[in-house]
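Asks: I would like to see how this sequence folds:
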Amino acid sequence: MQHKFLIFRFGQIGDTVAALPSLWMLRKQFPNAKIVLLNEIPIRQTHLPPEMVLPSNGLVNGFEQYPAGASFRNFFTAWLLLSRLRKEGFSTLVYLVPSARTKRARLRDRIFFRMAGFKNVLATQGFYGDLRPKTPDGSPIPVPKEADALLARLGNDGLPVPAPEHVAWICKSRMQNAPQQNNGGNRRQVPDLGRTAGGHLCGWKNSSQLWPVERYAEVVRMLMRNTDFSPLSLVGGKIAK
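Replies: Have a look, this model is predicted:
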């Protein structure tokens, strides 16, 4: 019997990149499984959803989307999605939502996916518990990097995951060895990052997150001075108005 996994991971390009080690680990453990990724429909055209970032085949087998926000139309669309998920007969939900997701939001998710027929759910333990955890004296508590946190949550369910110090190496190795993807005989179109965050890979939503170009250049120079880092290329474009 073929395993069928639904991965719930929403967000933009930075959120997708943070989930890559977990996606690669799942594919390695279940090479013949059907893996579908569920994410929200982008609100803005400048946002890049996972289907524009991930390869068109191999890592995942397909995508599902749901509308963000509360409205009658969105409720109807969500109900149709629930019906499709039940008919698909997924065996497992991989709950790769951001590790800072609130308890209230997780409860809402749990109700929805239980209605969709999911009984086996992975990665439900290990959330931060608070958006900004602090010590008794008010100092912020360092939290794991999101890529490490997602893997740790999968590890809590008994899946073999790499140690945190190996995650960056895995990402670099996979990106260097990734084959060219084809879609119907044509080379897969690469998203125009110039239409997103001005070349910023974390999916900015506020103007305060948009750095001037000279600061990016200074960071690169600093890395080259103090480490063995050597950039391959720097790609940019006009900022969408």
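
Asks: roughly how far apart are M115 and Q125?
Replies: M115 is 22 Å from Q125, where distance means CB to CB, to the nearest Å. (Glycine included, C-beta is placed from N, CA and C.)

Asks: pretty sure S99 is touching G126, no?
Replies: Yes - using CB atoms under 8 Å, S99 is in contact with G126, at 7.0 Å.

Asks: what's the burial count for P42?
Replies: The burial count assigned to P42 is 17, neighbours taken as other CB atoms under 10 Å.

Asks: what sits against the residue nearest to it when sequence neighbours are not counted?
Replies: What sits nearest to P42 in space, not counting adjacent residues and going by CB to CB, 6 or more residues apart in numbering, is P49, at 5.2 Å. P49 sits next to 12, 16, 39-42, 63, 65 when contact means CB atoms under 8 Å, 6 or more residues apart in numbering.

Asks: tell me how far P49 lies from M25.
Replies: Counting by CB to CB, the gap between P49 and M25 amounts to 22 Å.

Asks: with I13 instead?
Replies: If you go by CB to CB, the gap between I13 and M25 works out to 20 Å.

Asks: I35 too?
Replies: For I35, the distance to M25 equals 12 Å [CB to CB].

Asks: same check, this time on G62
Replies: When CB to CB is applied, the distance between G62 and M25 equals 19 Å.

Asks: scan the chain for its longest strand.
Replies: The longest strand of the chain (DSSP state E) is strand 34-40.

Asks: now do it: everything it contacts.
Replies: For strand 34-40, contacts defined as CB under 8 Å, 6+ apart pick out 2-11, 23, 26-27, 49-51, 54, 59-68, 88, 90.

Asks: list only buried entries from those.
Replies: Neighbour counting with 16 or more other CB atoms under 10 Å marks 4-11, 23, 26-27, 49-51, 54, 59-60, 64-67, 90 as buried within the contacts of strand 34-40.

Asks: return the helix or strand in this structure with minimum mean pLDDT.
Replies: strand 186-187 (a mean of 37; mean pLDDT, DSSP states H and E).

Asks: tell me the mean pLDDT over the very next helix or strand once past that one?
Replies: Downstream of strand 186-187, the next assigned helix or strand under DSSP states H and E is helix 213-226. Mean pLDDT, computed over helix 213-226, is 81.
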